[in-house]
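Student: Structure for the following, please:
(2 chains)
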Amino acid sequence: MNDRNPAISKGIDWSIVWIYLALVAIGLTAIFAATYKEGDPFFQSFLRFKTDYSKQFYFFVVSLLLALFLLLTDSKFFTATANLLYVFGIFTLLLVFPFHTNISGTKSIIKLGAFNFQPAEFCKLFVCLALAKYLSRPETDFSKTRSQLIAAGIALFPAVLAIMQSETGLALVYFSFFIVMYREGLPSGILVVGFSVAALIVATLIFEKFTLAVILTVIAALALYIMRRQLKRNRSIFLRVALLWAICVGIQLYAVPFAFKHVLKLYQIERIYSTVGKEVPSEYLQAHQTETGKEVKKKDTDYNVRQSKIAIGSGQLFGKGLLKATQTRYDFVPEQRTDFIFCTIGEGFGFTGSFILLAIYLLLLFRIVTIAERQRSVFSRCYAYGVAAVFFFHIAINIAMTVGLAPVIGIPLPFISYGGTSLLTFTILLFILIRLDADRQMVLR
Amino acid sequence: MPVFNQSRSRIIRLIFLIAFVVIIAQLFYLQVVEGKYRQLAMDNAVYPKIIYPERGIIFDRNGKAILNNTIIYDLMVTPAEVKGIDTLEFCRMLNMDTADFKKKILEAKLKNTAVRPSVFKGLLTADLQAKFEESSWKYPGFYLVERPLRIYPFNAAAHILGYIKEADPRDIERSGNYYRMGDYIGKSGLEAYYEKVLMGQRGVQYLIKDNKNRLVGNYENGAFDTAATAGRGLRTYIDIELQQLAEKLMTNKVGAVVALDPKTGGILTMVSGPNFNPNDLTGPDGSKNFSRMTLDVTGPMLNRAIGGLYEPGSTFKPLGALIALNEGVITPSYGFPCGGRYTLCGHGKPACTHAGGGHADNVRLSIANSCNSYYAHIYRLTVDNPKYGGVRKGYEVWRHYLNEFGLGVRLGVDLPGESTGRVYDGSVYDKENNGHWTSCTNLTLGIGQDKMGTTALQMANAMCIVANKGYYYTPHFVKKIDGESEADTTLMSKFRIKHEVLTRIPDTAYRAVIEGMHDVVKFGTARIAQIPNIDVCAKTGTAETYTILDRQRIKLPNNSMFVCFAPKDNPKIAVAVFVQNAGYGATWGGPIARIMIEKYLNDTLMKKSEADVDRISKANLMPAYFKRVQYKEDSARAYKWYNDYKDSTLIKKFLRLTTSIKPVNKEQPLPAKEISRKEVLALLPDEKQFYRSGENKLA
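Tutor: Residues are numbered from 1 along each chain as shown, chains lettered A, B, ... in the order given. You can find the predicted model right below:
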């Protein structure tokens, strides 16, 4: 940025800007490594806007201009327009239903000229602002359940729309806003329950139905045994444990199979099971078979993840070098420019390179939390936590899916993955934060 | 607002940290702990392409290449690149119809996908190749790839040189998986024996392939590639002109001709009849010709010179004389009165074609006149030698001599498939005669009959021992390997050892026998082998042969045998000729041997010999009964085919020739029970057994 202009640069957190530039540079390098073919005219391609790395470079230039523009904007603009922007975001999400283009697998893209817009992708920005706005209202008392429900509604309404557009992955991102709500006083009990349910669902996938039921029963019995003294004094403990046991077994025996049979799509089930390293049980296959009327064949569902793991694993400690990565250079990993871009780094630069990238990301997240905590206005703090939450979710899930720890859901790696919408969205998210932070002494409403 | 929640920022940081630690732990496991992924990535993306070296060339004694390499072309197709071609014109060029074209494209797609090349038409003829090259620009997606092929420039020496074929699973297993499916390996002849020398060292080129298995470039700029080393050439003793001449002479004959250089054991010529053109097994029609020859009962693929056993008959007599002389049971002046038959065993056998007194007054005369009684008698004298106290012991001594002469043992020639020949030990006679047998039982061994069986190579080698007066070198083709390594020297060492097996036989004995063989040519049975200015020593032989056909014992024309060496004092060539069912030894074997010697020693042929070459090469001596045997074999096969697959196409041909069967509806296959074995005159199993065991009758 321009150091000589004190009006703009005043109060800007330069460390974040440097981290941002470093990540975009890494991203351009990775896209170049993944898509460059021997003998491509390197400089000409920049002029012609043809190759992916040159396109991404131009997106970056546009992002920088936008960033400058944001830095020049008054911070009050964001608080003033937050609700309006949220409405606009929801409106575009709804527009998708009649005007989406026919691209297989998704109904979430609007085509405008040469550009594809995916409202579900950039709507998280508006949610972030709107949630901050709501939480920072003087009349909001977040200790009340009603307020908590409204906040959750603001965050999850776009998610519902995204699911209706077959974009489960993008929808899941909106759940990350619970981190903001947690920071603002959401009872920790809710998070504990959330984690417990998640653990139970994972256990349901791994264990046999009835084995898990027996395990849960044994755990309940043990709990009662340990609490036998209190039990004598207070009979209601027995009832509580029994209720909890009933809920767990109910989820495990009925709720999860119901979701797998009637809510999730077959490919989603396959991805989920391939993450835990198991075959899809035949009862689910049959359920989807009767649903579609076609015979469901077992597919090579974990091809992506297997190739991705091979690519990353073959990088070993120091990697193969920028253009020597055979897995990613010769198209063995699908979607390697976009969702699986991390493979290029894992294969080309090995554990060392991956570690450095993760360290940079962690630095970014910690820095954002630090910035959040130094804000005077609640709006800025909530917004900062929102940015941290969105980044965290994208980074963790994207990398976890490439190394086989999470199911394959198509979400990009911030600043690294190829794609104009995602780069612009993340840049705007970050630079609004930088703008707000520059005015951290102000109290924004 | 709840400032007290500030502590939660630490919990949020902790959540971030835990997630990152889990991911880093998984990365550490994938990239540092688990080592398999590097190999998996290599398997994915790196294709080790085998570079085949050029196979070694085989040269004759004058440095002419008799087995060489050439290039033939396969027409390849990448179906995805075939666009906008004139299919009709293309098909017309290749003489195929469009339906066939579509089928082949489809096959290619199924086999190798549309984006990878497959063979569209293998082994293009030179004509088609030229046509395609002229207009190849019109046909995108089609191109030619070179394919090395073995070529035999002289169209000769098929049995010696052998052939290469794709390695079968057994070859691959035997090589410890060095060979892979689709590799070529020497299957017979010198190609098989010297496989390691001829094949050279394979190279590997590492290429990068993409996710559709298309090759996109070199891996690491070829840093790991190894170059192929060409196979090394073999310098042989073969005289290719002599070989061609011998093959011409053996046209339409069953039998074998072997010519050796007694001084080195080098094989100058080896012919087996019936013969074939080795180029028939390579090129576009190779496999068709191969199956045709495999089913031919005359056995053109069999090398009778090392694998066909013949009774040596009278050609054995010089060896019998040498044994008896060395054992001291006779002297060179030993005479035996012969009145036309041998009477001392009581049955008046064997008879003698040369009657008349005094024709066996000494060893030299007995050879010249080929007296059966004389040789039957001296065989008896040898095995009944009181020194050994019994016929069994005496017979073993006699048999040991034969083994030293190279009969009844493998000589160790550098070709696969050599037969040991047949010289039984005493136990066989014990078994046949309940343990009671005398020298009279196998009396005719003395005249090279009874159960004795020899190959032409063995007899030619025995002639070398006689000519050399007691020593020989193992007969072999290869004189020198180009760029001979230590391993090659070990391989070749056994051919460079002088075997002084019978130098203990006194010179007087050799002289008497050699002079006798010289007399055979001068005034005996082999006068036909006389060559001006060359002293030829020879011995003729004639063996009666029978076969059993359609359960009848049939007398066949005699086998004509001829062994010789020349010149007498400084032997340079030894020849053995066996012609099956041809007649007397002197009629066919003699002239063939003479022409060979003339050609080799003088390099030109006399007028008489020129005429003989013409006469002999045009004579068809293929035994007539082969036709009948072939018919029976074919019909039996057709019958078996019908029984196994219920497909009557083959058997119909044979049914029409037999009268008892009603006309057959062409469209309708015959039910099994309507045809009995008798009706198709299929070969009976017991007869078949006989043909297999009687090598000297049918081979």
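Student: From now on I want contacts and neighbour counts done on CA atoms only, so please keep to that.
Tutor: Noted.
Student: what's around B:Val579, how many residues?
Tutor: B:Val579: 28 surrounding residues under other CA atoms under 10 Å in any protein chain shown.
Student: I'd say it and B:Gly255 touch.
Tutor: Yes - with contact defined as CA atoms under 8 Å, B:Val579 reaches B:Gly255; the gap is 4.5 Å.
Student: what is in contact with these two at once?
Tutor: Listed contacts common to B:Val579 and B:Gly255 are nil; contacts here mean CA atoms under 8 Å, 6 or more residues apart in numbering or on different chains.
Student: what does the stretch 301-445 of chain A put close to chain B?
Tutor: Taking CA under 8 Å from any CA of the partner chain, the part of the stretch 301-445 of chain A that reaches chain B is made up of A:309-317, A:326-327, A:330-332, A:350-351, A:354-355, A:358, A:362, A:365-366, A:369, A:373, A:378, A:392, A:396, A:399-400, A:403, A:405.
Student: run the last query once more with 7 Å
Tutor: Counting by CA under 7 Å from any CA of the partner chain, the positions of the stretch 301-445 of chain A adjacent to chain B are A:310-317, A:326-327, A:330-332, A:350-351, A:355, A:366, A:396, A:400, A:403.
Student: In helices, which of the residues you listed appear?
Tutor: Within these, residues falling in helices by DSSP state H are A:310-314, A:326-327, A:350-351, A:355, A:366, A:396, A:400.
Student: Let's verify residue 258: helix, strand, or coil?
Tutor: Answering for chain A, as no chain was given. Classification of A:Phe258 by DSSP: H, G, I helix; E, B strand; the rest coil places it in helix.
Student: To clarify, I was referring to chain B.
Tutor: Under three-state DSSP, B:Val258 falls in the strand class.
Student: which residue sits closest to it, ignoring its sequence neighbours?
Tutor: Once flanking residues are discounted, B:Val258 sits nearest to B:Met270: 4.5 Å by CA to CA, 6 or more residues apart in numbering or on different chains.
Student: Which helix or strand contains that neighbour?
Tutor: Using DSSP states H and E, B:Met270 falls within strand B:266-273.
Student: what about the stretch 1-150 of chain B, any weak spots by pLDDT?
Tutor: B:1-4 (pLDDT under 70).
Student: quick one: the helices in it?
Tutor: B:8-28, B:36-45, B:87-94, B:98-112, B:126-135 (DSSP state H, counting those that start in this stretch).
Student: export those helices to CSV and tack on mean neighbour count?
Tutor: Shown next, in CSV, are the helices of the stretch 1-150 of chain B (neighbours: other CA atoms under 10 Å in any protein chain shown):
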stretch, mean neighbour count
helix B:8-28, 17
helix B:36-45, 18
helix B:87-94, 14
helix B:98-112, 15
helix B:126-135, 13
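Student: Let me have those in CSV, extended by distance to chain A.
Tutor: Shown next, in CSV, are the helices of the stretch 1-150 of chain B (distance: least, CA to the nearest CA, whole Å):
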stretch, distance to chain A
helix B:8-28, 6
helix B:36-45, 4
helix B:87-94, 34
helix B:98-112, 18
helix B:126-135, 30
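Student: Present these as a markdown table; the columns should include distance to A:Lys50.
Tutor: Converted to a markdown table, the helices of the stretch 1-150 of chain B look like this (distance: least, CA to CA, whole Å):
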| stretch | distance to A:Lys50 |
| --- | --- |
| helix B:8-28 | 34 |
| helix B:36-45 | 27 |
| helix B:87-94 | 37 |
| helix B:98-112 | 32 |
| helix B:126-135 | 37 |
